[in-house]
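> Would you be able to build a 3D model of this:
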Amino acid sequence: MLHLRFGYASEKKILKSKDVKGFFRVNFKPSWFEDPLVKKIVRSIDRSEIVGPYAVESPVLNLISNNDISGGAKIVILTLFLPEFEYDGSACGENCVKWFLEVAKRHDIHLAYAHLPKYQEPFEMKIVNTGVVISSKDELRRAYIDLDNHDGTYRMVV
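Residues are numbered from 1 along each chain as shown. Down below sits the predicted model:
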């Protein structure tokens, strides 16, 4: 299941976008880039093809290192292989959303957002701030607004 937190107040260390590149480089395993789902993720998010465990063919940058894929693709891959961490979902584009839902079918993942993300139905996620499980865009919008108006630990970003 996807566990979504609004804001960055957490018991877990949230891996923000500035930390992801180094964290990915240190923790990456070559076998990750052999996984068919990772190949789909990189193709979809970066429009690039994995040509080996250390190389990616980009239509813009030509042959690049796996560490040079986008931050969004890195975060989705990290949720797949290192789900015990909480990741900064706000650092990812909307093209990552469907992949977060796909990974969440395999195991729990944890994302923090500083904005209202655009998840397409169907989905099921737990709002960590309240413990409520939701399954619609309307419920997600209401959860976001309610937290901003009542929680005191989250400031809405517009």
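> before we move on, which element is I50 in?
strand 49-52 (DSSP states H and E).
> Show me what counts as buried in the next helix-or-strand element following that strand.
Going down the chain from strand 49-52, the next helix or strand is strand 55-58, by DSSP H and E. Using 16 or more other CB atoms under 10 Å as the test for burial, strand 55-58 gives V56, S58. No exception for glycine: its C-beta is placed from N, CA and C like everyone else's.
> Note down every partner strand of strand 55-58 and its orientation.
The sheet places strand 55-58 alongside strand 49-52 (antiparallel), strand 62-65 (antiparallel), with pairing taken from DSSP bridges.
> Can you get me a residue count around the residue nearest to L116 when sequence neighbours are not counted?
Distances taken as CB to CB, 6 or more residues apart in numbering place Y144 nearest to L116, at 4.6 Å, with adjacent residues excluded. Using other CB atoms under 10 Å, the number of residues around Y144 comes to 20.
> Quick check: mean pLDDT of stretch 45-54?
Averaged over stretch 45-54, pLDDT sits at 96.
> Quick one: residues in contact with it.
Contacts to stretch 45-54, defined as CB atoms under 8 Å, 6 or more residues apart in numbering, come from residues 30-34, 38-39, 42-43, 56-59, 63-66, 69-70, 72-73, 76, 93, 95-96, 99.
> CA atoms only: put it into CSV for me.
Provided in CSV are the C-alpha atoms of stretch 45-54 (Å, rounded to 0.1, in the frame of the first residue of the first chain):
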residue,chain,number,x,y,z
ILE,A,45,9.7,8.5,-17.1
ASP,A,46,12.9,9.4,-18.9
ARG,A,47,12.1,8.1,-22.4
SER,A,48,15.4,6.2,-22.2
GLU,A,49,16.5,2.6,-22.7
ILE,A,50,18.6,0.6,-20.3
VAL,A,51,21.4,-1.0,-22.3
GLY,A,52,23.2,-2.6,-19.3
PRO,A,53,23.6,-2.5,-15.5
TYR,A,54,25.7,0.7,-15.8
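> in it, what counts as buried?
For stretch 45-54, by 16+ other CB under 10 Å, it's I45, D46, S48, I50.
> and if you look at stretch 79-90?
Within stretch 79-90, the residues that count as buried by 16+ other CB under 10 Å are T79, L80, L82, P83, F85, E86, Y87, D88, G89.
> Done for today, thanks.
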